[in-house]
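# missing the sequence, but the structure's below:
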């Protein structure tokens, strides 16, 4: 569990590759990127990008934009940079070792933010979401994803996780919330929301 939270060293590298190769993880990441409706010129941030599967999918859509990623694991930064080497080389993909509590500057406002199975590890998630909302342009989009990995997780576990994410987003000031579900085992919940325009 510790390695899943912050992969380190050789074991962490292996955990990252396992995450990258697991079919359900790839499906989940590609699915959520499709829900974000990323446009060619968008500026997008993923918080906790792991081995960089969603980063690659985002870069494939934001072909004239910029994809930013932060992860607090140096092992995952190196692995994701290798997986996204062309985008890094072209200065379209920017991967940084950083934590959600100490966000770096991303320059201009972001169009979209993504976090897959990481919100549960954030200290004071409502405040973190408020900070992310300040980085988004008006009407900017956010997607928070949960696929519960606890033993015995079921559809009900996923539904409860979605409710918790909706509550956090509402407290942080996001609007237009909607929930999408991907039928894996257990199901994946994606909660989408917008930064208000006023």
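Happy to help now that I have it. Quantities reported herein were computed from a predicted structural model and do not represent experimental measurements.
# could you find the residue nearest the spatial middle of this protein?
Centroid check for the chain by CA atoms, centre = their mean gives residue 115 as the closest residue, at 2.3 Å.
# hey, where'd the helices end up in the chain?
Counting by DSSP state H, the chain has these helices, from start to end: 2-5, 9-21, 23-35, 53-61, 74-83, 85-89, 125-135, 155-171.
# list the buried residues of the third one.
Taking 16 or more other CB atoms under 10 Å as the neighbour-count basis, helix 23-35 is seen to contain the buried residues 25, 26, 28, 29, 31, 32, 33, 35. (Glycine included, C-beta is placed from N, CA and C.)
# specify the angle between that helix and helix 53-61 in degrees.
Relative orientation of helix 23-35 versus helix 53-61 (axes from the mean of the first three to the mean of the last three CA atoms, to 10 degrees): 40 degrees.
# so, low pLDDT: which residues of this structure?
1-22 (pLDDT under 70).
# please repeat the previous calculation with a cut-off of 90.
Along the chain, the parts satisfying pLDDT under 90 run over 1-26, 149-153, 185, 197-198.
# output the longest strand belonging to it.
Looking across the chain with DSSP state E, the single longest strand is strand 136-146.
# can you tell me what sits against that one?
Residues outside strand 136-146 that contact it (CB atoms under 8 Å, 6 or more residues apart in numbering): 28, 32, 35-37, 109-117, 119-120, 129, 132-133, 158, 161-162, 164-165, 168-169, 174, 188-198.
# including distance to residue 85, could the buried residues of helix 23-35 go into JSON lines?
Shown next, in JSON lines, are those (distance: CB to CB, whole Å):
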{"residue": "25", "distance to residue 85": "20"}
{"residue": "26", "distance to residue 85": "18"}
{"residue": "28", "distance to residue 85": "23"}
{"residue": "29", "distance to residue 85": "18"}
{"residue": "31", "distance to residue 85": "24"}
{"residue": "32", "distance to residue 85": "23"}
{"residue": "33", "distance to residue 85": "19"}
{"residue": "35", "distance to residue 85": "26"}
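# out of those residues, who's nearest residue 60?
For those, the minimum distance to residue 60 (CB to CB) is 8.3 Å, reached by residue 33.
# distance of the closest one relative to residue 153?
Distance of residue 33 to residue 153, computed by CB to CB, to the nearest Å: 23 Å.
# now do residue 34
Distance, residue 34 to residue 153, using CB to CB: 23 Å.
# likewise for residue 190?
From residue 190 across to residue 153, the span is 16 Å (CB to CB).
# the more surrounded of the two?
Set side by side, residue 190 and residue 153 give different neighbour counts by other CB atoms under 10 Å, the larger being at residue 190 (23 against 15).
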